[in-house]
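Student: my questions concern the predicted model and sequence given below.
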Number of protein chains: 2
Amino acid sequence: MAPMTPAIPRLAADPIAEAHRQWVAHGWAPAADGMAAITSLMRAHQIFLARVETVLRPFEVSFARYEVLMLLHFSKRGALPMRTIGSRLQVHQTSVTNAVDRLEAASLVQRIPHPTDRRATLVELTRTGRVLAEKATDALNAEVFTDTGLSPRAVNEVIKTLGQLRRSVGDF
Amino acid sequence: MAPMTPAIPRLAADPIAEAHRQWVAHGWAPAADGMAAITSLMRAHQIFLARVETVLRPFEVSFARYEVLMLLHFSKRGALPMRTIGSRLQVHQTSVTNAVDRLEAASLVQRIPHPTDRRATLVELTRTGRVLAEKATDALNAEVFTDTGLSPRAVNEVIKTLGQLRRSVGDF
DNA sequence: GTCAGATACTAGGACATCCTACTATATTTC
DNA sequence: GAAATATAGTAGGATGTCCTAGTATCTGAC
């Protein structure tokens, strides 16, 4: 008897390829690619977020809070209204409140009254916050962003393709 | 005098393109593309997750719980150990416990003892759960997966590129 | 056979996101 | 100008993810 060779093709080890196969087998072929693409995106997000959070852990900030710090860092006066932060980062206002609460508790930012609109609150980067933002960026650049694990061509493809997606949903 | 033409290039409306510009301006050019790609992924994830959750809302399941249902749906016996679910979906065991708790409360799955390993618990799809999984899939296929907003070429590019990424981190 | 180390699952807690109010202040309308 | 509407921010709650710990059970080494 010949060496063990399965008569039935073995299952792919890749769960997403397997899901794609199931989609086709169930007659959902027109949706299979879209399903696989979106599922891949979900997983890629999880992978990169985990990497980024690992690098940021020593700085005791999450990626969400890091993004707030960088937004302030890049602003001319180092201060922005809460609402603007939410718009730029495309997150709900309550998420901004949450992030700023924690950043303020860590003395990385401080809330100051808006000079002309008493409804609004400005979030201002502290000296400590600015220094931490720069150090955290150095770490992220060195440990994640400079080498993502994707080829330079793939990186540009991702930026371009997802840029079109973002534009289509009104991100810019 | 000529029509208003800014002497200084105006800020891009795209926050990610703007961040990329800032990265280059700060001397972080080698990391700028990686930063932009990862940030784009984060945002694309958010966009698609929101779409998917909107479609699933009428079925009263989240995407996380939907994925568990589909995994069971595709399994031969309609039942899998908790641990296997976590491995396939690449999420922490405690996330599986959480999802299964809610699915069980909704009578979409039930926990049954593993026949040979008393440590393990099998999660079994109920009739209700199977029906809901199929209806939810029809909705997702029609409203999201068949037309993701990306071109077919882009969809395939995403699957391929992120597949390489997933392989590089040991997903399969 | 026993005991140490692995494995399966749950408990409790930290964070992040969103949603629905609710309050305070601005703006618009008539 | 006063009332209706819109906007900025916070509070409280639901869900999902991860982590650390703790219990129960299995496996393997001696």
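Tutor: Arrived safely.
Student: what does chain A have sitting close to DNA strand D?
Tutor: Within reach of DNA strand D by C-beta under 7 Å from any atom of the strand, chain A has these residues: A:46, A:50, A:81-84, A:86, A:93-94, A:96-97, A:100-101, A:111, A:114, A:117, A:119-122. Any C-beta I mention is one placed from the backbone N, CA and C, and that applies to glycine too.
Student: contact partners of stretch A:26-42?
Tutor: Residues from elsewhere that reach stretch A:26-42, judged by C-beta atoms under 8 Å, 6 or more residues apart in numbering or on different chains: A:16-17, A:19-20, A:23-24, B:41, B:44-45, B:48-49, B:52, B:63, B:137, B:140-142, B:144-148, B:150, B:152, B:155-156, B:158-159, B:162-163, B:166.
Student: buried set for it?
Tutor: By neighbour count on 16 or more other C-beta atoms under 10 Å in any protein chain shown, the buried set for stretch A:26-42 is A:28, A:31-42.
Student: drop anything exposed from the contacts of stretch A:26-42.
Tutor: Applying 16+ other C-beta under 10 Å to the contacts of stretch A:26-42 flags A:16-17, A:19-20, A:23, B:41, B:44-45, B:48-49, B:52, B:63, B:137, B:140-141, B:144-146, B:148, B:150, B:155, B:158-159, B:162-163, B:166 as buried.
Student: just these: which are in helices?
Tutor: If you go by DSSP state H, the buried ones among the contacts of stretch A:26-42 have A:16-17, A:19-20, A:23, B:41, B:44-45, B:48-49, B:52, B:63, B:137, B:140, B:155, B:158-159, B:162-163, B:166 in helices.
Student: so where's chain A uncertain?
Tutor: A:1-12 (pLDDT under 70).
Student: need the strands for it, in chain order.
Tutor: Using DSSP state E, the strands of chain A run over residues A:79-81, A:109-113, A:121-125.
Student: tell me which of these approaches B:F172 most closely.
Tutor: Among the strands of chain A, the nearest to B:F172 by C-beta to C-beta is strand A:109-113 (41.7 Å).
Student: elements contacting the closest one?
Tutor: On a contact count with 3 or more C-beta pairs under 8 Å, 6 or more residues apart in numbering or on different chains; DSSP states H and E, strand A:109-113 meets helix A:63-74, helix A:93-105, strand A:121-125.
Student: go again with 6 Å.
Tutor: Counting contacts by 3 or more C-beta pairs under 6 Å, 6 or more residues apart in numbering or on different chains; DSSP states H and E, strand A:109-113 is packed against strand A:121-125.
Student: residues in contact with the strand it packs on: which ones?
Tutor: Contact with strand A:121-125 is made by A:72, A:78-82, A:100, A:109-112, A:114, as judged by C-beta atoms under 6 Å, 6 or more residues apart in numbering or on different chains.
Student: turn these into a markdown table, columns for neighbour count.
Tutor: Shown next, in a markdown table, are these (neighbours: other C-beta atoms under 10 Å in any protein chain shown):
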| residue | neighbour count |
| --- | --- |
| A:L72 | 24 |
| A:G78 | 17 |
| A:A79 | 17 |
| A:L80 | 22 |
| A:P81 | 16 |
| A:M82 | 19 |
| A:V100 | 20 |
| A:V109 | 28 |
| A:Q110 | 15 |
| A:R111 | 15 |
| A:I112 | 11 |
| A:H114 | 14 |
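Student: thanks a lot, catch you later.
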